[in-house]
Each structure stands twice: as structure tokens, then as C-alpha cells.
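Novice: only geometry, no sequence info:
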């Protein structure tokens, strides 16, 4: 059983590129195959965490697992956080956000909108952007992902570690968005 039940393979993954501090770059991170478990997640090309764009896109993917397999999702997030695993508070926060809105993380994939119940289009792609202020704090990158159900992009902050990898520092992507039309009596 796949992540979205019917997902098999997608197009080739985006190439890793080093960030250009202070730019307005947008990178589309494409997943060649969506993983079924932590081991497959860690074997994705983006899992080298060589740039903050890949780590941000993997954060979206890891959160998509939560409704299907909470433990796998949390293990993926711990992998992305590197030497700073999720706290009990972090886990409770994530659990609370998923009580009635399992579609929120899916909304960050291209093509996922309220009209199609946030079913992403293939190839499975997350668009990650920087702005001129993304690298104001040394060793940190503040990047943005766009939801098909929100009016403004949401923030993901990454931190560069001594090992040269970009780890998840914090994410603000589980905030509410427009309901899928199938569950909205007013749509």
C-alpha cells in the first residue's frame, strides 16, 4: 500500500544545488519514487540533505506519512532533525494538527487543491522558495513552500550542521488551510 494508495513512480528527481544567499530562487524538488518506509525515505537522493531545499521538501513528504503510519512519520522527522530529535511537545503538536486535517501536508505538492481533495499531480513535486532574507542568520535558511489551499507560503527553517548537512530546525506548515470541497458543505 503506497503513501496515497495509488501512487507508484514519478519523474526523475531535481538536482541538488547549493543555495545562493540573498536570492529569490525557487526550486522544484521532484520525487522519482515515493517511499513506503523509513529505509526507502533515507535512500532517496534528497536524503543526503546537501541543500536546504531538499530538506524542506522532505519535511513535507515526512508529514504526509502521519495519517498512514505515525511512527514512520515521526522517525522520518527525527532523521531530518539530525542531532535534535522531536520532543514530547513536538509530537503532541503534530498529533493535534492531524486530529481532523490529514490533507494539510498533501496540499504542498503541485496540483493539490481544495477542488481535487488535495490529490497531488504527477510527478510528485514540492516547490521550495527563498527570498532576500532567507539567509539573514548565519547557519540557518528560512525557506517557503506554497500550499494549494493557502493564500501565502509557509515557512520551514533549516540549520546547517558541522557535517555539512541541512537539518530541519522548525516548520510552520501544519497551519489550517481551506477544506477540501468534498468535506465543505458550503463549496
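Specialist: Yep, it's here. These figures come from a predicted structure and were not determined experimentally.
Novice: show me where pLDDT drops low in this structure?
Specialist: Low-confidence regions of the chain, defined by pLDDT under 70, span residues 1-23, 187.
Novice: what ranges do the helices span in it?
Specialist: 38-42, 52-64, 70-81, 88-97 (DSSP state H).
Novice: Tell me which of those sits most buried.
Specialist: helix 52-64 (a mean of 27; mean count of other Cβ atoms under 10 Å). Every residue, glycine included, has its C-beta placed from N, CA and C.
Novice: what's that one packed up against?
Specialist: Applying 3 or more Cβ pairs under 8 Å, 6 or more residues apart in numbering; DSSP states H and E, one finds that helix 52-64 makes contact with strand 26-30, helix 38-42, helix 70-81, strand 125-129, strand 140-145, strand 154-160, strand 166-171.
Novice: what would the ones you listed look like in JSON lines with distance to residue 116?
Specialist: As requested, the helices and strands packed on helix 52-64 are exported to JSON lines (distance: least, Cβ to Cβ, whole Å):
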{"stretch": "strand 26-30", "distance to residue 116": "19"}
{"stretch": "helix 38-42", "distance to residue 116": "25"}
{"stretch": "helix 70-81", "distance to residue 116": "23"}
{"stretch": "strand 125-129", "distance to residue 116": "15"}
{"stretch": "strand 140-145", "distance to residue 116": "18"}
{"stretch": "strand 154-160", "distance to residue 116": "20"}
{"stretch": "strand 166-171", "distance to residue 116": "24"}
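Novice: so which of those comes closest to residue 101?
Specialist: Set against residue 101 and scored by Cβ to Cβ, the helices and strands packed on helix 52-64 come closest in strand 154-160, at 13.8 Å.
Novice: name the helices or strands packed onto the closest one?
Specialist: When contacts are defined as 3+ Cβ pairs under 8 Å, 6+ apart, strand 154-160 sits against helix 52-64, strand 140-145, strand 166-171.
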